[in-house]
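A.B. asks: Based on what follows, work out the 3D shape:
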Amino acid sequence: DESLHGMTLCEQLVFLHQLDFAAVGLPQKRYLKSIEICLEEDKIFSDRVLMAALDYISGTFLTNQTKLPLAYMRTIILTCSKHESLHSWICHVLLPRLVEGKIYEDRRQWEGWMRCARMLENTGEGVSSLSAIESLPEEQKIIYRSKNPRKD
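C.D. replies: This is a model prediction of the structure:
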């Protein structure tokens with residue numbers, strides 16, 4: 001029986017994301033809700049904790065050690081809504097890293113990536129996902145633009 005006792009907040013968040021919820025008999029909806037509850041506790045799971053967890057998970061994905069967890073892009077989207085301080089890091093580090101890891105090969109994660117990139121493309125705050133979008137291979141860029149036309 002694995003316990004969260006003695007784990008850092010970052011390790012707890014990584015553990016929750018990597019949990020094989022089906023194997024432990026946890027319905028997907030409850031699994032996703034458990035992560036959402038953590039994100040709502042922003043005094044405990046601060047932007048620094050979120051950044052460390054998301055960074056770690058993306059790093060293991062990039063080195064082909066693991067697939068991205070089901071809730072990963074959903075967590076990033078929720079983070080975008082709640083933690084403006086992480087927008088620059090998400091745009092300039094995380095989204096390009098996920099492109100490098102070929103996130104577009106996983107349909108569900110790719111949909112989440114496009115949604116996140118769209119959220120941050122024209123924030124009006126000087127931060128933009130445009131460079132990450134431009135780093136997409138041509139075929140994926142065309143798919144992205146067909147779903148998200150530019151508003152110049």
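
A.B. asks: give me the number of residues near Thr63?
C.D. replies: A count of nearby residues for Thr63, using other CB atoms under 10 Å, gives 9. All C-beta spots, glycine's among them, are computed from the backbone N, C-alpha and C.

A.B. asks: Got the confidence number for it?
C.D. replies: pLDDT for Thr63: 87.

A.B. asks: quick one, what contacts Gln28?
C.D. replies: In this structure, Gln28 makes contact with 21-22, 70, judged by CB atoms under 8 Å, 6 or more residues apart in numbering.

A.B. asks: Quick check: it vs Lys102, distance?
C.D. replies: Using CB to CB, to the nearest Å, we find Gln28 at a distance of 25 Å from Lys102.

A.B. asks: Also Leu136?
C.D. replies: Computed as CB to CB, the Leu136 to Lys102 distance reads 10 Å.

A.B. asks: out of those two, which sits in the busier spot?
C.D. replies: Between Leu136 and Lys102, counted using other CB under 10 Å, the more crowded position is Leu136 (21 against 15).

A.B. asks: how about the residue lying closest to the more buried one once chain neighbours are set aside, secondary structure?
C.D. replies: In this structure, Leu136 finds its nearest non-sequential neighbour in Val99, 5.8 Å apart by CB to CB, 6 or more residues apart in numbering. Here Val99 is recorded as helix under DSSP: H, G, I helix; E, B strand; the rest coil.
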